[in-house]
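> Provide a 3D model corresponding to the input given below.
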Amino acid sequence: MERINVVILAEETQYKVKIKNKIVSEDIAIVGYSDFKEESKLKIEGYFPDVLICALDRNDIDNDFYSFISGIKETTTGCAVIIVTDSVNVDLVNTAAQLGIRQVLSFDVEPQEFTDKIIEVNTLEQKLLGQLKIEKRVRSKVYAFYGTKGGCGTSSIVSNTAIALANHGKKVIVLDFDLQHGDINLLLDLDSKDTIVELARDPEGISIEKVNTSVALHPTGFSVLCAPKSPEYGEYVTADHIRKIVENVRPYFEYILIDLGCDYADTTLAALEVCDEIELIVNLNISSLKGMKDILNIFHTLRVIEKANFIVNKNRSSLIKIADFENLIQKKAYTTIVADRNACTNAMNSGNPIVSSAPRSATAKDLNRFVDILIEDKDNISK
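Coordinates of the predicted model:
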């Protein structure tokens, strides 16, 4: 059975908890929570839900609610909607059915029955999609790349990952959120007229249309939102801007790669909170391992530690062994990348990342293997 991705909509926290506790199958995953505000539609769409569960009082089910749900259904192809409320009657069931809402349930329904209904409505929705020959959309995934210290290769890994994904035909955007020292544009030999600063300062606000006019396009087909051209301009970008940018690009790109500085600024912490996965880049040297200890404490405080994967960017001459590193953190490295110093230096100086400039190098092979892992993991989650 394919995993069913569920988003819970409720204004009251108690309702969100009630619904969560009624789901008793490991094949059903809650991928997000939201509310019924108009500005939440884009966020909901970005979760690519299979089933949308709306939990609210009967008195709150009015024309505004129905209008909201109708708007959601127009933009989330293949998403079944369930209403859960305190009072169910024939009029409510009939009205809901006319709007394509698959099920109306009471808060009193037992967990197993509730779980069975989710599976039932999703099966029906997917069957209808198949009959109409409509392809199910794939949920996007946001990866934040974070280094234990400056110069550990984070931006290089991001740029190479983007090219390798694009070579696989994936729709990719790179967001350079290293607001003080971002240099993805240099590594990719890109010259962008606009940066994240112009986007953040736009008086009309952030939208996907504004993002598309602000990005630079790499020859392989992926988009890049560049960092400020000068460090002082980074002050114009806030944590709220970071959240809104990610929220706006989610529905339109399969892979969203965020390049972060190795700081603890509000903007960096916001990116770590909204991403789906953190790729923590570690060098096998004492200073990098020392910095990792502080980072892990921060991750625990932010409650994002479970999202973190450890990527070892390893020099051939390193005296510290990967096994020693894994014993230290009590976790296996997600992948290792051997740094070919000469090939990497040439790639950086030429603005042509190593997967393109030296595809037969050990570094390029490791990077391509890393991308294969990302694609396989994402495909497995979508199933």
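> in the stretch 251-383 of the chain, which spans are strands?
255-259, 277-283, 308-315, 335-339 (DSSP state E, counting those that start in this stretch).
> quick check: which ranges of the stretch 151-300 of the chain have low pLDDT?
Counting by pLDDT under 70, the stretch 151-300 of the chain has no low-confidence residues at all.
> what segments of it are helices?
Here the stretch 151-300 of the chain has its helices, by DSSP state H, counting those that start in this stretch, at 154-167, 184-187, 196-200, 208-214, 239-249, 266-274, 286-302.
> same deal with the stretch 1-150 of the chain?
For the stretch 1-150 of the chain, applying DSSP H, counting those that start in this stretch gives helices covering 13-22, 41-47, 63-75, 90-98, 111-132.
> now those in JSON lines, with mean pLDDT?
Output for the helices of the stretch 1-150 of the chain, formatted as JSON lines (pLDDT from 0 to 100):
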{"stretch": "helix 13-22", "mean pLDDT": "95"}
{"stretch": "helix 41-47", "mean pLDDT": "82"}
{"stretch": "helix 63-75", "mean pLDDT": "87"}
{"stretch": "helix 90-98", "mean pLDDT": "92"}
{"stretch": "helix 111-132", "mean pLDDT": "87"}
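> out of the ones you listed, deepest packed?
Neighbour counts (mean count of other Cβ atoms under 10 Å) averaged over each of the helices of the stretch 1-150 of the chain peak at helix 41-47, with a mean of 21. C-betas here are computed from N, CA, C, even on glycine.
> residues contacting that helix, please?
5, 7, 9, 31-32, 34, 52, 68, 71-72, 75-76, 139-140, 247-248, 250-251 (Cβ atoms under 8 Å, 6 or more residues apart in numbering).
> returning to what we had before: most neighbours per residue, which of the helices of the stretch 151-300 of the chain?
Comparing those by mean neighbour count (mean count of other Cβ under 10 Å), helix 154-167 comes out on top with a mean of 25.
> quick check: angle from that helix to strand 277-283?
130 degrees (axes from the mean of the first three to the mean of the last three Cα atoms, to 10 degrees).
> show me how far helix 154-167 is from its chain's centre.
Distance of helix 154-167 from its chain centroid, counting by Cα atoms, centre = their mean, to the nearest Å, is 16 Å.
> the inter-axis angle of that helix versus strand 308-315?
If you take the same axes, to 10 degrees, helix 154-167 sits at 110 degrees to strand 308-315.
> helix 154-167 packs against which elements?
Here helix 154-167 touches strand 141-147, strand 172-176, helix 184-187, strand 255-259, strand 277-283, helix 341-350, helix 354-357, helix 362-382, going by 3 or more Cβ pairs under 8 Å, 6 or more residues apart in numbering; DSSP states H and E.
> quick one: closest of these to residue 197.
Closest to residue 197 of those, according to Cβ to Cβ: strand 172-176, at 11.4 Å.
> show me what counts as buried in that closest one.
Within strand 172-176, the residues that count as buried by 16 or more other Cβ atoms under 10 Å are 172-176.
> what strands flank that strand, and is each parallel or antiparallel?
The pairing partners recorded for strand 172-176 under DSSP bridges are strand 223-225 (parallel), strand 255-259 (parallel).
> export the helices and strands packed on helix 154-167 as CSV, with columns for distance to residue 328.
Output for the helices and strands packed on helix 154-167, formatted as CSV (distance: least, Cβ to Cβ, whole Å):
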stretch, distance to residue 328
strand 141-147, 18
strand 172-176, 30
helix 184-187, 30
strand 255-259, 26
strand 277-283, 10
helix 341-350, 25
helix 354-357, 28
helix 362-382, 22
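> and these: which comes nearest residue 94?
Across the helices and strands packed on helix 154-167, closest to residue 94 is helix 362-382 (Cβ to Cβ), at 34.7 Å.
> and the closest one, average pLDDT?
In this model, helix 362-382 carries a mean pLDDT of 85.
> between it and helix 154-167, how big is the angle?
Here helix 362-382 runs at an angle of 60 degrees relative to helix 154-167 (the same axes, to 10 degrees).
> centroid-wise, who is the farthest residue in this structure?
The centre of the chain is farthest from one residue, residue 90, which by Cα atoms, centre = their mean lies 40.2 Å away.
> enumerate every residue touching the most centrally placed residue in the chain.
With the centre of the chain defined as its mean C-alpha position, the nearest residue by Cα atoms, centre = their mean is residue 142, 2.2 Å away. Contact analysis of residue 142 by Cβ under 8 Å, 6+ apart lists 246, 250, 256, 258, 274-277.
> which among the residues you listed gets closest to residue 209?
For these, the nearest to residue 209 is residue 250 (15.0 Å; Cβ to Cβ).
> ok, now how distant is that closest one from residue 371?
For residue 250, the distance to residue 371 equals 20 Å [Cβ to Cβ, to the nearest Å].
> and of the strands paired with strand 172-176, who's closest to residue 168?
Of these, nearest to residue 168 by Cβ to Cβ is strand 255-259, at 9.5 Å.
> follow-up on the earlier one: okay, the helices of the stretch 151-300 of the chain in TSV with distance to residue 332 next?
As requested, those are exported to TSV (distance: least, Cβ to Cβ, whole Å):
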stretch	distance to residue 332
helix 154-167	18
helix 184-187	29
helix 196-200	35
helix 208-214	36
helix 239-249	28
helix 266-274	21
helix 286-302	15
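> so which of the ones you listed is nearest residue 375?
Of all the helices of the stretch 151-300 of the chain, it is helix 154-167 that lies closest to residue 375, at 7.6 Å by Cβ to Cβ.
> stretch 83-100: end-to-end distance?
Taking Cα to Cα, to the nearest Å, stretch 83-100 runs 11 Å from one end to the other.
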